[in-house]
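**Q** Just to be clear, the model below is a prediction. Sequence and coordinates:
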Amino acid sequence: SQQGEEDPQALSIQEGENATMNCSYKTSINNLQWYRQNSGRGLVHLILIRSNEREKHSGRLRVTLDTSKKSSSLLITASRAADTASYFCATDPFRGSSNTGKLIFGQGTTLQVKP
Amino acid sequence: DTAVSQTPKYLVTQMGNDKSIKCEQNLGHDTMYWYKQDSKKFLKIMFSYNNKELIINETVPNRFSPKSPDKAHLNLHINSLELGDSAVYFCASRPSWGQGGNPYNEQFFGPGTRLTVL
């Protein structure tokens, strides 16, 4: 079954507003990552939060992690038209000593920021 | 530029044909991956190689065969293409422990190859 599931699937906001995307997962994790995908492009890593962290910031991005609820959220503040993209969460499942680097991706949230 | 590159960017072919997609990274990473992204944007891992050794092999039909001639290259060969193989295929890489900068599995993606099987 799919590990990461994003919510909502699509989000449309005005420039300047904040955008919040949520991700839920099923198993224990080492870390959770958020990636952005512009239309027709590859994924770009945005931010990583480790399982022992609860919140992390990077510029206009704020990520929270609640391991008890197996959920994470990505907040983009003061959104810009250039933030229009799909956003994916990816979990790095806990596998003991094994670290193959296998990430489990959700289906993403498509964000449209209108100028 | 340092990056993960893939060729071709677009590939249109008939059912039953055999095709290859190539991936190269000049980031000096040890580990490389192939992902498949379907029409609903669901991204699923297919294979991973670490220093030319296969370390992840998901439930993928035998028609798909990865080949890593060296740690900078990971190619994907697909035999007897089917309609359901139509998707965008992404190559990615990541450094291993000790390579510096990323012990936590951040991956670097190529631009993707859009495969259309007619």
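**A** Nice, I can see it.
**Q** Now residue B:22: which helix or strand?
**A** strand B:19-25 (DSSP states H and E).
**Q** Dump the C-alpha coordinates for that strand into CSV.
**A** Coordinates of each C-alpha in strand B:19-25 appear next as CSV, following Å, rounded to 0.1, in the frame of the first residue of the first chain:
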residue,chain,number,x,y,z
LYS,B,19,14.1,0.6,-26.0
SER,B,20,16.7,2.0,-23.6
ILE,B,21,16.9,5.1,-21.4
LYS,B,22,20.3,6.3,-20.3
CYS,B,23,21.2,8.2,-17.1
GLU,B,24,24.4,9.8,-16.0
GLN,B,25,25.3,11.7,-12.9
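**Q** Past that strand, which element shows up next along the chain?
**A** strand B:31-37.
**Q** Could you list every helix and strand in contact with that following strand?
**A** Applying 3 or more C-beta pairs under 8 Å, 6 or more residues apart in numbering or on different chains; DSSP states H and E, we find strand B:31-37 packed against strand B:19-25, strand B:43-50, strand B:73-78, strand B:87-94. Using the backbone N, CA and C atoms, a C-beta is placed for each residue, glycine as well.
**Q** run the last query once more with 10 Å
**A** Applying 3 or more C-beta pairs under 10 Å, 6 or more residues apart in numbering or on different chains; DSSP states H and E, one finds that strand B:31-37 contacts strand B:4-7, strand B:19-25, strand B:43-50, strand B:53-57, strand B:64-70, strand B:73-78, strand B:87-94, strand B:108-109.
**Q** Just give the nearest non-adjacent residue to the residue of chain A found nearest chain B, would you?
**A** Closest to chain B within chain A is residue A:42: 3.6 Å, counting by C-beta to the nearest C-beta. Closest residue to residue A:42 apart from its sequence neighbours, by C-beta to C-beta, 6 or more residues apart in numbering or on different chains: residue B:109 at 3.6 Å.
**Q** and if you look at residue B:39?
**A** Distances taken as C-beta to C-beta, 6+ apart place residue B:87 nearest to residue B:39, at 7.3 Å, with adjacent residues excluded.
**Q** doesn't residue B:64 make contact with the one you found?
**A** No - counting by C-beta atoms under 10 Å, residue B:87 does not reach residue B:64; the two are 11.5 Å apart.
**Q** Any chance you could list residues touching both of the two?
**A** Listed as contacting both residue B:87 and residue B:64 by C-beta atoms under 10 Å, 6 or more residues apart in numbering or on different chains are residue B:36.
**Q** in chain A, which ranges drop under the pLDDT threshold?
**A** A:1-4, A:95-100 (pLDDT under 70).
**Q** can you list the residues of it near chain B?
**A** With C-beta under 10 Å from any C-beta of the partner chain as the criterion, chain A meets chain B at residues A:2, A:4, A:6, A:9, A:30-31, A:33, A:35, A:37, A:40-50, A:86, A:88, A:90, A:92, A:98-110.
**Q** Show me just the buried residues among these.
**A** Listed as buried from those are A:4, A:6, A:30-31, A:33, A:35, A:37, A:42-43, A:45-49, A:86, A:88, A:90, A:92, A:99-110; burial here means 16 or more other C-beta atoms under 10 Å in any protein chain shown.
**Q** quick one: which of those residues sit in strands?
**A** Taking DSSP state E, the ones among these that sit in strands are A:6, A:30-31, A:33, A:35, A:37, A:43, A:45-49, A:86, A:88, A:90, A:92, A:104-105, A:109-110.
**Q** Next, the contact list for residue A:76, please.
**A** Counting by C-beta under 10 Å, 6+ apart, residue A:76 has contacts A:11, A:13, A:17-21, A:36, A:46, A:59-62, A:83, A:87, A:111, A:113.
**Q** ok, 7 Å please
**A** For residue A:76, the contacting residues are A:18-19, A:60-61, A:83, by C-beta atoms under 7 Å, 6 or more residues apart in numbering or on different chains.
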